[in-house]
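Engineer: just the structure for this:
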Amino acid sequence: SVAIDVWFKNGSLFFTASAFIVLLGMLDDKFDLSAKGRLMCQFGVAAIMAWSAQNYITSLGNVLGFGDVYFGIFGYFFTLVCVVGVINAFNMIDGIDGLAGGMSLVVLCSVVFLLILSNNGKAIMG
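Structural biologist: Sure, this is the predicted structure:
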């Protein structure tokens, strides 16, 4: 499968980028980094993650009721904005110990449940 080959080929790059985000969060907690610097690093890491996974958002489907919304090449940039948005959303709720981890688990379980419910269970593992 192509998806599995991509993960095996670029998995170390993807997980290195993920580790860099964790390191960035720890450094921010210790040294109170500037928002501009954090945002630049987050966009850089999001770009590495999207490239290494070779996956990005191409369409929102019929979310507005007027037909499918396709992004074309702008889907890659939309994906970066979404990834950085999610990173910052979890960072905002991380003030309470364990809350971000619990929320991550709830989101993961919800996505898995919706994929199974929509008969897209194969998408869970790529």
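
Engineer: how about residue 84, nearest residue that isn't a chain neighbour?
Structural biologist: Leaving aside its sequence neighbours, residue 84 sits nearest to residue 42 (CB to CB, 6 or more residues apart in numbering; 4.8 Å). C-betas here are computed from N, CA, C, even on glycine.

Engineer: what strand or helix carries the one you found?
Structural biologist: Here residue 42 sits within helix 35-53, counting by DSSP states H and E.

Engineer: pull out the buried residues from that helix.
Structural biologist: 38, 41-43, 45-50, 52-53 (16 or more other CB atoms under 10 Å).

Engineer: hmm, who's touching the helix or strand containing residue 91?
Structural biologist: Under the criterion of DSSP H and E, residue 91 resides in helix 74-92. Helix 74-92 is touched from outside by 21, 25, 39, 42-43, 46-47, 49-50, 56-59, 71, 100, 103-104, with contacts defined as CB atoms under 8 Å, 6 or more residues apart in numbering.
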